[in-house]
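Novice: Just need the structure, nothing else, for what follows:
(chains A and B)
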Number of protein chains: 2
Amino acid sequence: MNYIFKKENRTEASLNNFNAEHIRWMKFILRQSKKVGEIELPISAVILDERGRCIGRGSNKRNVNSDPLGHAELIALRQASFMKNDWRFNECSLITILEPCTMCASALIQARMGRVIYGALDEKRGGLGGSIDLSKHKSSHHKMEVIGGILEKECRSEIKLWFKKLRNQI
Amino acid sequence: MNYIFKKENRTEASLNNFNAEHIRWMKFILRQSKKVGEIELPISAVILDERGRCIGRGSNKRNVNSDPLGHAELIALRQASFMKNDWRFNECSLITILEPCTMCASALIQARMGRVIYGALDEKRGGLGGSIDLSKHKSSHHKMEVIGGILEKECRSEIKLWFKKLRNQI
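Specialist: Next up, the predicted model:
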């Protein structure tokens, strides 16, 4: 499977800000999330390098792997750091469907992530503005670009649907 | 090497609060940290189960493994979740020499850690009171016992010494 969309668009200039390619990636992880969502909360994430290539991807695996660090963002981060052989991601972007929790937000700050793009806001647990904005807190040594609310309606309904199914099962 | 100290002391009652066994573990990880400190910031951590047995331990490996998640607490957490085959740690304790950063603090909250014991306070990056107390923030869904300042002098001097050595090398 080819994880690179439209090669001709992948110039550094076009990636300086949020663009159509990010929307395409967001739609991709929304499709991925539908598969995850049968057993876990349907969250997926991808990390793109400075040329827009996917260097890491992950889906929520906390219950499946019995892993407290099994959030989509952290799994993608671990894969990407293996690909890059570096723990710094200044030129990279992370895309996910739900605002990262405080753990994932802090991990992204630790990893010096350049840009974080998310779909739905998480008012209860969100660590990038929903409940607390750790990227702007004094404990943060790295300022990153945060873009929220991309395809918010689709992302939110995906998660809501999952919870509705769960309630019906019980 | 036997990681269990004084079997006769390991009753649930004796572990309800901080005790002498924790001091012994703190001294153990301080010794471990000296070895780590040659290449990385000298931080080590252990996780004890409800009977006081060590089920996970880790040392800072961020630079060695090029891993943004390579903090001592997270490495110990990953090992312990593998041992327990569970992501919940309500009956467990984590002991570390420096106050966990916001990433590790949030990860410990996510893992429902029962008790966190640390040595030195981290006023710049600490996530359990030093810079921000995430365990008491509204985004936290789990309240845990946090005990700080154990062998603080020794822990602080260990870290200060490492930074002094680093400055002399440059």
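Novice: Would you map the helices across chain A?
Specialist: A:20-36, A:62-65, A:72-84, A:102-110, A:152-169 (DSSP state H).
Novice: A:Leu98: neighbouring residues, count only.
Specialist: The number of residues packed near A:Leu98 is 28, by other Cβ atoms under 10 Å in any protein chain shown. Yep, even glycine has a C-beta here, placed from its N, CA and C like the rest.
Novice: residue contacts, it?
Specialist: A:43, A:118-120, A:122, A:155, A:159 (Cβ atoms under 8 Å, 6 or more residues apart in numbering or on different chains).
Novice: now these in TSV, with distance to chain B, pLDDT and neighbour count?
Specialist: Output for the contacts of A:Leu98, formatted as TSV (distance: Cβ to the nearest Cβ, whole Å; pLDDT from 0 to 100; neighbours: other Cβ atoms under 10 Å in any protein chain shown):
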residue	distance to chain B	pLDDT	neighbour count
A:Ile43	13	93	30
A:Tyr118	16	95	28
A:Gly119	19	94	25
A:Ala120	16	95	25
A:Asp122	9	94	20
A:Cys155	19	93	25
A:Ile159	17	91	19
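Novice: Spatially, which two of those residues are the most separated?
Specialist: Distances among the contacts of A:Leu98 were taken as Cβ to Cβ; the most separated pair is A:Tyr118 and A:Ile159, at 11.9 Å.
Novice: hey, what's in contact with both of the two?
Specialist: With Cβ under 8 Å, 6+ apart, A:Tyr118 and A:Ile159 have common neighbours A:97-98.
Novice: leaving aside the residues next to it on the chain, what's closest to the most centrally placed residue in chain A?
Specialist: Residue closest to the mean C-alpha point of chain A, counted by Cα atoms, centre = their mean, is A:Thr96 at 2.6 Å. Excluding the flanking residues, the one nearest A:Thr96 by Cβ to Cβ, 6 or more residues apart in numbering or on different chains is A:Ala45, at 3.9 Å.
Novice: Please tell me I have it right and the one you found contacts A:Ile95.
Specialist: Yes - A:Ala45 is within contact range of A:Ile95, at 6.6 Å (criterion: Cβ atoms under 8 Å).
Novice: Mutual contacts of the two, please.
Specialist: A:Ile29.
Novice: Next one, pLDDT for A:Asp133 please.
Specialist: Looking at A:Asp133, its pLDDT reads 95.
Novice: And for A:Met113?
Specialist: Looking at A:Met113, the pLDDT reads 96.
Novice: same question, A:Ser33
Specialist: For A:Ser33, the model assigns a pLDDT of 87.
Novice: That one touches A:Gly58, doesn't it?
Specialist: No - the pair A:Ser33 / A:Gly58 is not scored as a contact, 11.2 Å apart, by Cβ under 8 Å.
Novice: any common contacting residues for the two?
Specialist: Common neighbours of A:Ser33 and A:Gly58 (Cβ under 8 Å, 6+ apart) are A:Ser44.
Novice: With distance to A:Met144 added, can I get the contacts of A:Leu98 in TSV?
Specialist: Converted to TSV, the contacts of A:Leu98 look like this (distance: Cβ to Cβ, whole Å):
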residue	distance to A:Met144
A:Ile43	20
A:Tyr118	12
A:Gly119	17
A:Ala120	19
A:Asp122	17
A:Cys155	20
A:Ile159	24
